[in-house]
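Trainee: predicted model follows, preceded by the sequence.
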Amino acid sequence: MKGMSELVRQAQIMQKKMTKLQEDLQDRTVEGSAGGGMVTAVVSGSNELKSLTIDKAAVDPNDVEMLQDLILAAVNDGVKKAKAMMEAEMGQITGGIKVPGLF
């Protein structure tokens with residue numbers, strides 16, 4: 001039984017570390033971009049869009065679809081980078097073991 005209680009203790013420590021990391025990642029951001037930097041999206045580690053910057057050169061009233069595509073691509077790039085950041089940080093806590101339901 002001593003081995004089982006040690007395992008439970010280690011799991012509790014890991015859970016506390018993961019909770020703290022998730023809180024810390026809310027304050028960390030990554031930047032996604034599209035169109036050679038014409039559109040830039042800043043996304044938090046909790047996948048919240050924090051800001052969106054659009055270069056004036058990307059705004060063409062006759063081609064709104066292109067601007068929409070650039071915005072989508074920049075936001076998706078930011079979300080992808082935020083997910084990768086979270087997976088890398090969680091991997092350090094879990095020792096690289098994929099824990100279902102974490103990310």
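Mentor: Structure's in. What do you need? Keep in mind the model is a prediction, meaning the values are calculated, not measured.
Trainee: which element is the residue nearest the centre of the chain on?
Mentor: With distances taken as C-alpha atoms, centre = their mean, the residue of the chain nearest its centroid is residue 82 (1.8 Å). Using DSSP states H and E, residue 82 sits within helix 64-94.
Trainee: in that helix, what's buried?
Mentor: Neighbour counts over helix 64-94 (16 or more other C-beta atoms under 10 Å) mark 67, 70-71, 73-75, 77-79, 81-82, 85-86, 89-90, 93 as buried. (C-beta placed from N, C-alpha, C; glycine too.)
Trainee: widest-spaced pair of these?
Mentor: 67 and 93 (39.7 Å; C-beta to C-beta).
Trainee: pLDDT at residue 98, what is it?
Mentor: Residue 98 carries a pLDDT score of 66 in this model.
Trainee: ditto for residue 102
Mentor: pLDDT, residue 102: 55.
Trainee: what comes up buried for the least confident helix or strand in the chain by mean pLDDT?
Mentor: Ranked by mean pLDDT, DSSP states H and E, the weakest helix or strand in the chain is helix 2-27, scoring a mean of 84. Buried residues in helix 2-27, counted by 16+ other C-beta under 10 Å: 18, 21, 22, 25.
Trainee: for the record, mean pLDDT for the helix or strand that comes right after that helix?
Mentor: For helix 2-27, the following helix or strand on the C-terminal side (DSSP H and E) is strand 29-34. Across strand 29-34, the average pLDDT comes to 96.
Trainee: name the next helix or strand following strand 29-34 along the chain.
Mentor: For strand 29-34, the following helix or strand on the C-terminal side (DSSP H and E) is strand 39-44.
Trainee: go through that following strand and flag the buried ones.
Mentor: 39, 40, 41, 42, 43, 44.
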